[in-house]
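Chemist: I'd like to go over a predicted model; first the sequence, then the structure.
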Amino acid sequence: MQKLQALRGFRDIFGEEVEKFRLIEGVARRYFGLLGYREMEIPVLEKTDLFVRSIGDATDIVEKEMFTFNDRSGESLTMRPEATAGIVRAYLQAGLYAKERISRLFTIGPMFRHERPQKGRFREFHQLDVEVFGIPDSSLDAELLWMIWLMLTDLGVPSYRFEVNSVGCKGCREAFRSALVDYLRSQEDYLCEDCRARMDRNPLRVFDCKNDQCAQLMRASPLLFDHLCPECRSEFESYLSLLDTFGVPVTVNKRLVRGLDYYTRAVFEVTSDDLGAQKAFAAGGRYDNLVQEIGGPSTPGSGFAIGMERLALLVPAPAGRDRPQFFLAAVGEKASRFIVPLLKAFIQEEMALSYTSGGRSLKSQMKYAAAIKADYVLILGDQELERGSVILRDMKDGSQRDLPLNVESLPQEVRRSIAP
RNA sequence: GUGGGUGUAGCUCAACGGUUAGAGCACCGGGCUGUGGACCCGGGGGUUGAGGGUUCGAAUCCCUUCACUCACCCCA
């Protein structure tokens, strides 16, 4: 192994994966733009406190997964593990709540969590993140799912599942919590070690446990869903009916809970079985108290994040290039002087032209042209210079023809002679 | 943080503890003196991830460490 390499969980991304990223971003920007969402950029680095307060100090992310360090002045800073906290901070700092009644925002960029990498999970990963402020009713939540559904359909993702649930408002959550803890305590002896600890700190998370025995027990446990207050319940009903109107197929998963503390009412996950152990590639929900909790005016919010790496695993490979690729094989010193003028002329006409440098043999240049899958090769050597022409070779069938060697008109000549 | 699997040429992989660590692909050159893909011939390329140990002898066995990978945990 080499000495210099990227940090664990940090990757260089190129080739097809980057093309998929751009494809996903393009589709997202198109639909988001049509629906009135505005793109923004936020810092990668924030004060640690922002994440502790918004994500929750009893969550795994804050407890053991953040890249946190002290800067030169001793202040604790953290590489953002998710985007919501930063967007909320930006929303408050810019005073958007006073300038516009509704803010529809999105951002795309890298996030950082100090976890052990595995399939679909890295320490630096990319999210496409959407946040909306100022809309309290669940029509918004249905709209968000619809946007994701539009994207997935457009991208041709073959199989996925929308799972939705309500985790209730603050009121129903607190009432339920005691009922749940009572149940867990009665079954304490049968719970795994982790869940016994969760019971006090964050009892809802026991629903997430994959331990067979715990999962078995939770099948009989009281459900938050059944303890929703009348308002939350009717809100959820209209949410489901709106999703139906939008045409987004969903399944209700009453055990779905989220790992971040700020969620209220509507929450969802989009999962696929083609992802290995990390099945969720998009998730989000409503957070009606978050803005107020970190010091802003009471403002309802809702949003989601899409994991780019995970979605890219599901997106079919993008189609190849749509324009023909030309290659200039210049043989000899004199012919090489035409490289720069021809490059200028072709690029001016938006025709893709590449070449190799150095006095390589024609054979070697032809080999290279084939390797980069050039569609046509322009051959220019001493013989062509003498007769004032250039050979245009079709690499598919090997047919060749002479074109006049005139830098200004050559791109047009080429275009004419390859036209069907 | 825990566990399993894997580290040999640029890539994919061979090699029972025993000659000078090989093959395919890729690359370069030649056959074809100016034409890619097919074929044939030749060539360059390795600290066998790193460090230690056992042994007459280690890619091979043992220990340590690093990396990759999958899973647990958690999450997008």
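Modeler: Thanks, I have it.

Chemist: what's the burial count for the residue of the stretch 201-350 of chain A found nearest RNA strand B?
Modeler: For the stretch 201-350 of chain A, the nearest residue to RNA strand B under the criterion C-beta to the nearest atom of the strand is A:Gly259, separated by 1.6 Å. Where you see a C-beta, it was placed from the backbone N, CA and C, and this is true even at glycine. If you count neighbours by other C-beta atoms under 10 Å, A:Gly259 ends up with 15.

Chemist: same deal with the one 5 residues further on?
Modeler: By the measure other C-beta under 10 Å, the count of residues near A:Thr264 is 22.

Chemist: ok, and the closest non-adjacent residue to it?
Modeler: Spatial nearest neighbour of A:Thr264, chain neighbours left out: A:Asp288 (4.8 Å); criterion: C-beta to C-beta, 6 or more residues apart in numbering.

Chemist: quick one, what contacts that neighbour?
Modeler: A:Asp288 makes contact with A:136, A:169, A:264-265, A:300-301 under the criterion C-beta atoms under 8 Å, 6 or more residues apart in numbering.

Chemist: State the paired neighbours of the helix or strand A:Glu46 falls within in the sheet, together with their directions.
Modeler: With secondary structure defined by DSSP states H and E, A:Glu46 is part of strand A:45-47. Strand pairing for strand A:45-47, using DSSP bridges, gives strand A:76-79 (antiparallel).

Chemist: by contact count, what packs against the helix or strand that the partner strand is followed by?
Modeler: For strand A:76-79, the succeeding helix or strand toward the C-terminus, using DSSP H and E, is helix A:84-93. Here helix A:84-93 is seen to pack against strand A:45-47, helix A:48-55, strand A:103-112, strand A:124-133, helix A:290-293, strand A:301-307 when contacts are counted using 3 or more C-beta pairs under 8 Å, 6 or more residues apart in numbering; DSSP states H and E.

Chemist: immediately after helix A:84-93, which helix or strand?
Modeler: Past helix A:84-93, further along toward the C-terminus, the next helix or strand under DSSP H and E is helix A:96-99.

Chemist: Could I get the buried residue list for that next one?
Modeler: Applying a neighbour-count criterion of 16 or more other C-beta atoms under 10 Å, the buried positions in helix A:96-99 are A:96-97.

Chemist: In CSV, list the C-alpha atoms belonging to it.
Modeler: Listed in CSV are the C-alpha atoms of helix A:96-99, where the atom choice follows Å, rounded to 0.1, in the frame of the first residue of the first chain:
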residue,chain,number,x,y,z
LEU,A,96,-36.0,34.9,6.5
TYR,A,97,-38.9,34.4,8.9
ALA,A,98,-39.5,38.1,8.8
LYS,A,99,-38.9,38.6,5.1
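
Chemist: Need the residues that contact that helix.
Modeler: Contacting residues not belonging to helix A:96-99 are listed as A:91, A:103, A:133-134, A:291, A:296-297, A:299 [C-beta under 8 Å, 6+ apart].

Chemist: Rounded mean pLDDT for that helix, please.
Modeler: In this model, helix A:96-99 has a mean pLDDT of 93.

Chemist: Give me the distance from it to the chain's centre.
Modeler: 28 Å (C-alpha atoms, centre = their mean, to the nearest Å).

Chemist: before we move on, what about stretch A:144-157?
Modeler: Centroid displacement of stretch A:144-157 relative to its chain, using C-alpha atoms, centre = their mean, is 13 Å.

Chemist: re earlier: pLDDT-wise, what's the bottom of the contacts of A:Asp288?
Modeler: A:Cys169 (85).
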